[in-house]
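# Sequence plus the predicted model coming up.
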There are 2 protein chains.
Amino acid sequence: MLGVWRLQLLREVSRRGSIKAAAEAMSVTPSAVSQQLAILEREAGVELLEKSGRQVRLTEAALRLVRHADTITGAIAAAEADLASMQQLVTGTLRVAAFPTAARAVMPPVMAALSRIHPELRVTLRDFEADESLTALQMDEIDIAIVDDYGDGSRVPYAGLDVCEFMRDPIYLATAIARLSVDGRLAPPSFADPSARDPRPSGATRLEEFRDAFWIMDTDNSHLSQVTRRACRAAGFEPHIRSSCKDFSVILALVEAGLGVGVLPGLALLDRPVRADVRPISPPLVRRISSVIRPERRSHPMIVSALAELERFGASYVPPLAG
Amino acid sequence: MLGVWRLQLLREVSRRGSIKAAAEAMSVTPSAVSQQLAILEREAGVELLEKSGRQVRLTEAALRLVRHADTITGAIAAAEADLASMQQLVTGTLRVAAFPTAARAVMPPVMAALSRIHPELRVTLRDFEADESLTALQMDEIDIAIVDDYGDGSRVPYAGLDVCEFMRDPIYLATAIARLSVDGRLAPPSFADPSARDPRPSGATRLEEFRDAFWIMDTDNSHLSQVTRRACRAAGFEPHIRSSCKDFSVILALVEAGLGVGVLPGLALLDRPVRADVRPISPPLVRRISSVIRPERRSHPMIVSALAELERFGASYVPPLAG
DNA sequence: GCGCAGGTCAAGTTCAGCTTCCTCATGTGA
DNA sequence: TCACATGAGGAAGCTGAACTTGACCTGCGC
């Protein structure tokens, strides 16, 4: 009978493109993979690999076999998930990847809650951009991907994955606080300081009010910056971009220092007091935040618990400026 | 990860009801099965077996796992079938079970044709009654079951199996030849002797003509005898059964000896000259002959070839009395 | 050319899974 | 009721499948 382990090695070579990479992913030496695939070729009675330079390439037959390997591996994973769902105790290691803001603002409370509810459960977190997360999920390197999506169709397709939006995060426009305090420093506290949040329910602004401002943007290739530029253009102007910074706290610092205006998602405003004027945008900009999993794990109790906790977080999330 | 071999052992225990039987089926010692299942229990983290007398019984969780094992095994079998279909050469061992008449009349020419077309293919044949064949097929002990079916709904259900009717075989009524030859022996040759078949296109008989005859029947529990009795009752009489014999050639011999009338399927008349008066019945009695396979093997070239050969046999089969 | 990276081969090693032999528990027939 | 057959499963030792190590070969870039 066809060896399942061998099939999985073949599958990994197909995904990662080389025997070396597959070997690393499966924690064995390239030699072992090579030998196993040689045996699989004999078992299958078909050529599976052909040399292509100093790499190998899968033959047509091998690709067909990989698709079978996928279904076989899926069936085994489904059995394991079903089995786990029969256990009373949620245990094991849950591997999560989240985009940076979520890794900072969403995951800590979620992980804390999970470890409180399920003391035997270990959760590991990696901060990956959404695209990286999805690839890692396909590669079976993580169990849950937390991704954001600006609804502009730029997200890579979630082919064959289970997506569940669990919260929406509004995008705000941040500008420097014009007036200085008596001692000459920028006037604290801003709304984002919990003690002073409510008193200043600043109304929404329109982007066109800032057509002549300097803009502090996320890096060019980020979705947020693309979405912002598109919104500016829709408002009738091309933003003057002064700086492009990857980290929202850097952007915020620049805005606070009066060097320009910037857009920031609500989650980025949660973790420290904000000394800037932050207002919703009209028409509103919002990003959707979703969990993505492999469908065969849907009923795994680890996954079920984590998704429930994410839902709970999303339900209780009050954006910094509710208005 | 869940061991596939262990799952298959569990599956076999589930099918066969005991560790001993499963061990025999999988060609290992009971001790090995016991050990593997103990490991599987640890892997699964769930009780799988519970003692029941000196046997074991599967727990609820184990039964659920068995269903997963079925789909996993099916997926592997499908991969193998697909792989085999990529090969140019049809090779391997095809295990066929056929009900006795088919084993004698159908399989020899089919097997000869197969070995001519595919010299590398080995075919093994067992003669099983239809019900036995289907069980063996479910147990994965054979690849193709050849079964008959009188259309009276008595056939066990073909749950999850692929059925293909490839021929119909009429049932005939055989009576002794009344006139004796000059030397006192029964007059040969009958129609079933090829040289003399056509000259005597005897018309159909009605069962009620034999309401007072003695009947030589297939054994009581056979489908043919049940169907025959039902037909007699429909014709308004209960047959006087003189003998019940399993083997059609014995029945035929008794009829030839003038000890009664009997019903015989066409295939039973193929292999030797018949010294009896044989006529179609009106209204006609017919049995359907079908091949049954496991669906995941449907495209296996071995199976495809064999089914094609059976089809060919069925298409070229001319019942002894075409009229 | 040299050096390096990816793949493969040969030899030695390890450990999963087997067999054999035994014990224990249960049911059955004298 | 006792002896014995039968099925499950534990202990010890064996075998071989699959691994690592350390070679070598080949294609590619400097």
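Sure thing, it's come through. Residues are numbered from 1 along each chain as shown, chains lettered A, B, ... in the order given.
# Could I get the full set of strands for the stretch 51-200 of chain A?
Under the criterion DSSP state E, counting those that start in this stretch, the stretch 51-200 of chain A contains strands at A:55-58, A:92-98, A:121-127, A:144-149, A:162-175.
# Can you list the buried residues in the third one?
Meaning strand A:121-127. A:121, A:123, A:125, A:127 (16 or more other CB atoms under 10 Å in any protein chain shown). Any C-beta I mention is one placed from the backbone N, CA and C, and that applies to glycine too.
# Name the nearest residue to the last one, ignoring sequence neighbours.
Closest residue in space to residue A:127, ignoring its immediate chain neighbours: residue A:103 at 4.1 Å, by CB to CB, 6 or more residues apart in numbering or on different chains.
# residue boundaries of the helices in the stretch 1-150 of chain A?
A:4-16, A:19-25, A:30-44, A:60-86, A:100-105, A:107-117, A:130-138 (DSSP state H, counting those that start in this stretch).
# Which one, of those helices, ends up nearest to residue A:313?
With CB to CB, the closest approach to residue A:313 among those belongs to helix A:107-117: 5.4 Å.
# Show me what the closest residue to residue A:148 other than its chain neighbours is bridged to.
Spatial nearest neighbour of residue A:148, excluding adjacent residues (CB to CB, 6+ apart): residue A:287 at 4.8 Å. Per DSSP bridges, the residues bridged to residue A:287 are residue A:169.
# I figured residue A:287 hits residue A:150, correct?
Yes: counting by CB atoms under 8 Å, residue A:150 is a contact partner of residue A:287 at 5.1 Å.
# Compare neighbour counts for those two and give me the winner.
Neighbour totals were compared for residue A:287 and residue A:150, and residue A:287 leads with 24 against 21 (other CB atoms under 10 Å in any protein chain shown).
# so what's that one up against?
A:148, A:149, A:150, A:151, A:168, A:169, A:171, A:224, A:265 (CB atoms under 8 Å, 6 or more residues apart in numbering or on different chains).
# sorry, back to before: quick one: the residue nearest to residue A:148 from residue A:130, how far?
10 Å (CB to CB, to the nearest Å).
# shared neighbours of those two, which are they?
Shared contacts of residue A:287 and residue A:130 (CB under 8 Å, 6+ apart): A:148, A:149.
# And the helices in the stretch 201-323 of chain A?
Counting by DSSP H, counting those that start in this stretch, the helices of the stretch 201-323 of chain A are A:223-234, A:248-256, A:301-316.
# any idea of the mean pLDDT in the shortest one?
In this model, helix A:248-256 has a mean pLDDT of 88.
# list the buried ones in it?
Going by neighbour count (16+ other CB under 10 Å), the buried part of helix A:248-256 is A:248, A:251, A:252, A:254, A:255, A:256.
# The third one and residue A:175 touch, don't they?
Pointing back at residue A:252 there. No: counting by CB under 8 Å, residue A:252 sits too far from residue A:175 to count as a contact (11.3 Å).
# joint contacts of these two?
residue A:276.
# measure the closest residue to DNA strand C within the stretch 151-300 of chain A to chain B for me?
Minimum separation of the stretch 151-300 of chain A from DNA strand C (CB to the nearest atom of the strand) falls at residue A:296, amounting to 22.6 Å. Note on residue A:296: its distance to chain B, by CB to the nearest CB, to the nearest Å, is 11 Å.
# Run a quick neighbour tally on that residue.
Neighbours of residue A:296 (other CB under 10 Å): 19.
# for it, what are its contacts?
So residue A:296 contacts A:74, A:75, A:77, A:78, A:81 (CB under 8 Å, 6+ apart).
# Select only the buried ones of those in ChimeraX?
Selecting only the buried members of those in ChimeraX, with burial defined as 16+ other CB under 10 Å, works like this:
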select /A:74,75,77,78,81
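# Tell me the one among the contacts of residue A:296 nearest to residue A:158.
residue A:74 (16.3 Å).
# Next one: the residue nearest to that closest one when sequence neighbours are not counted from residue A:78, what distance?
Take residue A:74 and drop its neighbours on the chain: the residue closest to it by CB to CB, 6+ apart is residue A:296, 4.8 Å away. In this view, residue A:296 and residue A:78 are 4 Å apart by CB to CB.
# where does chain A dip in pLDDT?
In the prediction, chain A carries residues with pLDDT under 70 at positions A:153-156, A:178-202, A:321-323.
# Flag every residue of it that's near DNA strand C.
A:18-20, A:30-31, A:34-35, A:37-38, A:49, A:51, A:54-56 (CB under 7 Å from any atom of the strand).
# Buried ones among those?
By 16+ other CB under 10 Å, the residues of chain A next to DNA strand C give A:18, A:19, A:34, A:37, A:49, A:56 as buried.
# now, the most widely separated pair of those residues?
A:18 and A:37 (12.1 Å).
# Can you work out which residues contact both of these two?
What both residue A:18 and residue A:37 touch, as defined by CB under 8 Å, 6+ apart, is an empty set.
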